[in-house]
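> Sequence isn't available, so here's the structure alone:
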């Protein structure tokens with residue numbers, strides 16, 4: 001086993017071509033076995049094996065800076081930089097991160113799980129090297145997936161690199177996909193030319209006639225073949241990059257280590273920014289990934305170990321978004337298509353995303369103005385079924401959340417009812433657009449924020465804990481927080497009837513289910529139980545279940561707590577706040593940041609309401625996520641550690657009650 005002898009990048013530099021081939025096979029087997037055990041990103045890493053080895057054979061990491069955009073293609077990089085043993089705890093609490101991580105290794109310069117940022121990092125690092133007088137002594141390399149080039153930040157960085165002439169090697173890892181197939185004119189340029197019937201027919205006629213020439217036929221044929229190859233290079237990528245002042249080379253085979261080494265070596269000597277365009281196959285070497293037309297098994301949920309030998313031609317044992325808590329929305333088994341997604345929606349929602357998918361389909365059937373937008377993630381955000389049913393009303397803008405939001409504002413101005421489905425953590429990338437392009441203009445755009453709250457194993461960059469605070473800072477924004485799967489549809493319908501913008505936060509974890517009679521309506525809160533006037537619990541979203549559990553626990557101690565499902569954080573429900581103010585203690589709970597979050601918003605509104613009535617405010621306590629970056633782990637464990645489970649909320653009530661005066665506030 002060659003892989004067992006690889007502890008540093010230097011260990012791959014002296015391997016023979018035959019050893020490199022064997023090492024690639026071992027790495028793919030290792031990644032398949034690991035990811036199907038722990039969960040993680042599969043297809044992107046299987047496609048980047050040879051590319052990573054070639055990079056580390058040419059460049060000297062960490063002296064030379066290698067940046068990964070996005071970081072889900074960096075597992076091979078981790079393997080050969082001394083972290084093979086860490087894969088046993090990949091994405092587990094206290095274990096190895098699923099993305100590059102500065103705390104893990106000196107070979108990781110950035111924690112990069114949000115796409116389209118590496119070129120900006122590269123520009124800054126190269127500028128620093130230049131100012132320090134070591135320009136050229138230390139190389140800067142940015143490995144950019146073609147999906148990341150659909151993000152606006154990447155183009156801004158390319159423009160600055162070309163203008164400043166900083167020495168950066170940009171490796172364009174082109175597999176035609178980001179999460180799903182890439183949405184980009186640039187990525188289609190060469191394919192369009194090669195498939196153009198006029199071009200191909202003329203080329204073949206010319207080649208046949210040249211071969212018939214006496215004596216010089218084969219030479220002439222070879223010359224024209226070289227000419228047409230050059231023509232293809234000139235059309236899309238070459239023209240695009242060099243117009244920005246960035247040199248272009250390629251495309252070359254991203255699974256041919258020798259050719260990539262030659263290209264990287266020459267690129268490293270170029271006195272300025274240069275793109276090396278390599279073509280790779282996402283999911284290479286693993287049949288279930290190669291056969292998955294939607295994602296190439298971009299990521300999988302851990303089930304049981306699978307080896308290359310027993311997995312050929314079979315996807316048994318893999319789960320791709322098929323159950324609660326998976327990262328792909330619950331409607332994407334391997335090889336599924338948008339058309340199949342409609343029939344695959346479960347009758348009883350397995351996830352909040354399932355509930356949204358069905359609710360959106362029902363609403364769109366009734367209202368032709370409804371359109372749906374995604375930023376390269378139609379499956380994980382629950383839009384595959386919508387795409388199949390209403391392809392003309394579905395828009396995938398690529399990894400361009402900023403563009404997505406502003407485009408939705410324009411659609412709303414034109415009379416449509418846009419629904420923007422995006423991860424909560426990625427919505428923060430487009431806050432400026434949500435605030436000024438949508439909010440300032442009062443556009444009726446519905447933001448469905450998936451993976452809201454504590455998400456679990458993807459770590460600090462993927463917890464959706466900012467959306468409540470951000471949304472509540474936008475004037476006129478209605479903020480919905482469903483506490484059960486059954487609340488999603490009435491909230492979506494209410495949002496679609498509003499004259500202005502709204503957000504609906506959709507947790508990743510398994511949903512709470514309630515009976516039809518236990519579902520709220522409109523913009524009103526819902527009281528779940530009435531207490532004795534001592535304690536009132538205001539639960540936001542998924543913490544409602546924990547508040548009910550806390551009330552049950554307190555009842556065993558003789559404390560009868562009132563529990564409200566807030567449902568709509570803004571605008572606040574005056575009746576709920578009036579009832580809360582009659583208690584001696586009011587405790588709010590949310591799985592978002594408590595600083596400037598929903599609890600602070602509700603307590604402030606209650607205080608204003610009480611003050612206007614000339615009454616005394618009750619004691620209050622705001623429970624939520626502290627101001628810190630949270631590592632990966634099981635979502636329930638993280639919530640418990642923050643005191644946001646039933647036991648933790650009950651304990652907070654006990655502690656605060658000791659400080660509260662015995663008489664009621666009235």
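Cool, got the structure. None of the values given here were measured: they were computed from a predicted structure.

> which residues of the stretch 151-300 of the chain score low on pLDDT?
Judged by pLDDT under 70, the stretch 151-300 of the chain has its weakly predicted residues at 176-236, 285-300.

> Helix or strand next in line after the longest helix seen in the chain, which one?
Within the chain, and with DSSP state H defining each element, the longest helix by residue count is helix 17-38. Using DSSP states H and E, the helix or strand that follows helix 17-38 in sequence is strand 40-41.

> partners of that following strand, with directions?
strand 299-300 (antiparallel) (DSSP bridges).

> Any stretches of the chain with poor pLDDT?
Counting by pLDDT under 70, the low-confidence segments of the chain come to 176-236, 285-348, 660-666.

> Kindly list the longest strand within it.
Taking DSSP state E as the criterion, the chain has its longest strand at strand 585-593.

> For the helix or strand following that one, which helices and strands make contact with it?
Past strand 585-593, heading to the C-terminal end, the next element that is a helix or strand (DSSP H and E) is helix 598-612. Helices and strands touching helix 598-612, by 3 or more Cβ pairs under 8 Å, 6 or more residues apart in numbering; DSSP states H and E, are helix 467-472, strand 568-570, helix 574-581, strand 585-593, strand 619-625. Placement of C-beta: from N, CA and C, glycine included.

> Would you enumerate the residues in contact with residue 82?
Residues in contact with residue 82, defined by Cβ atoms under 8 Å, 6 or more residues apart in numbering, are 7, 8, 105.

> Narrow those to those that are buried.
Members of the contacts of residue 82 that pass the buried threshold by neighbour count (16 or more other Cβ atoms under 10 Å) are listed as residue 105.

> Rebuild the contacts of residue 82 as TSV, extending it with secondary structure.
Listed next are the contacts of residue 82 as TSV, based on DSSP: H, G, I helix; E, B strand; the rest coil:
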residue	secondary structure
7	coil
8	coil
105	coil
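
> now the contacts of residue 82 as JSON lines including distance to residue 622?
Output for these, formatted as JSON lines (distance: Cβ to Cβ, whole Å):
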{"residue": "7", "distance to residue 622": "48"}
{"residue": "8", "distance to residue 622": "48"}
{"residue": "105", "distance to residue 622": "38"}
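
> quick one on the thing from earlier: in its sheet, which strands sit next to the longest strand of the chain, and in what direction?
Sheet pairing for strand 585-593, assigned by DSSP bridges, gives strand 535-539 (parallel), strand 619-625 (parallel).

> and the next helix or strand after the shortest one, how far from the chain's centre?
Tracing the chain past strand 535-539, the next element assigned as helix or strand by DSSP H and E is helix 543-555. Helix 543-555 sits 32 Å away from the centroid of its parent chain (Cα atoms, centre = their mean, to the nearest Å).

> Sticking with the closest residue to residue 81 other than its chain neighbours, tell me its helix or strand.
Take residue 81 and drop its neighbours on the chain: the residue closest to it by Cβ to Cβ, 6 or more residues apart in numbering is residue 107, 4.1 Å away. Residue 107 belongs to no helix or strand when elements are defined using DSSP H and E.

> wait, residue 107 sits on residue 66?
Yes. In this structure, residue 107 sits in contact with residue 66. The criterion is Cβ atoms under 8 Å, and the distance is 7.3 Å.

> can you list residues touching both of those two?
Shared contacts of residue 107 and residue 66, defined by Cβ under 8 Å, 6+ apart, comprise residue 77.

> what about those two, which has more around it?
residue 66 (27 against 21; other Cβ atoms under 10 Å).

> who's in contact with residue 440?
Residue 440 sits next to no residue when contact means Cβ under 8 Å, 6+ apart.

> That one and residue 397, how far apart?
The gap separating residue 440 from residue 397 is 21 Å, by Cβ to Cβ, to the nearest Å.

> what's the neighbour count on residue 93?
Using other Cβ under 10 Å: residue 93 sits among 14 other residues.

> again with the one 10 residues further on
As a burial measure, the neighbour count of residue 103 was computed by other Cβ under 10 Å and equals 8.

> again, but for residue 415
8.

> Tell me if I am right that it is in a strand.
No. The assignment for residue 415, made by three-state DSSP, is coil rather than a strand.

> Not counting residues beside it along the chain, what's closest to it?
Leaving aside its chain neighbours, residue 415 sits nearest to residue 369 (6.6 Å; criterion: Cβ to Cβ, 6+ apart).

> Identify the residues contacting the one you found.
Counting by Cβ under 8 Å, 6+ apart, the residues that residue 369 touches are 415, 416, 417.

> how about these in CSV, adding distance to residue 610?
Output for those, formatted as CSV (distance: Cβ to Cβ, whole Å):
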residue, distance to residue 610
415, 42
416, 42
417, 37
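
> Among these, which one lies nearest to residue 484?
In terms of Cβ to Cβ, no member of the contacts of residue 369 lies closer to residue 484 than residue 417, at 24.4 Å.

> Distance check, that closest one against residue 239.
Shown here: residue 417 relative to residue 239, a distance of 39 Å by Cβ to Cβ.

> Neighbour count for those two, which is higher?
residue 417 (22 against 12).

> ok, that one - contacts?
Residue 417 makes contacts with 367, 369, 370, 371, 444, 446, 496, as judged by Cβ under 8 Å, 6+ apart.

> and the residue lying closest to residue 98 once chain neighbours are set aside, what are its phi and psi?
Leaving out its chain neighbours, the residue that sits closest to residue 98 by Cβ to Cβ, 6+ apart is residue 91, at 4.5 Å. When quoted as degrees, to the nearest 10, the phi and psi of residue 91 stand at phi 60, psi 10.

> Would you agree residue 91 is in contact with residue 38?
Yes. Taking Cβ under 8 Å as the contact criterion, residue 91 and residue 38 are neighbours in contact, 5.9 Å apart.

> Compute the number of surrounding residues for residue 111.
As a burial measure, the neighbour count of residue 111 was computed by other Cβ under 10 Å and equals 18.

> All set, thanks.
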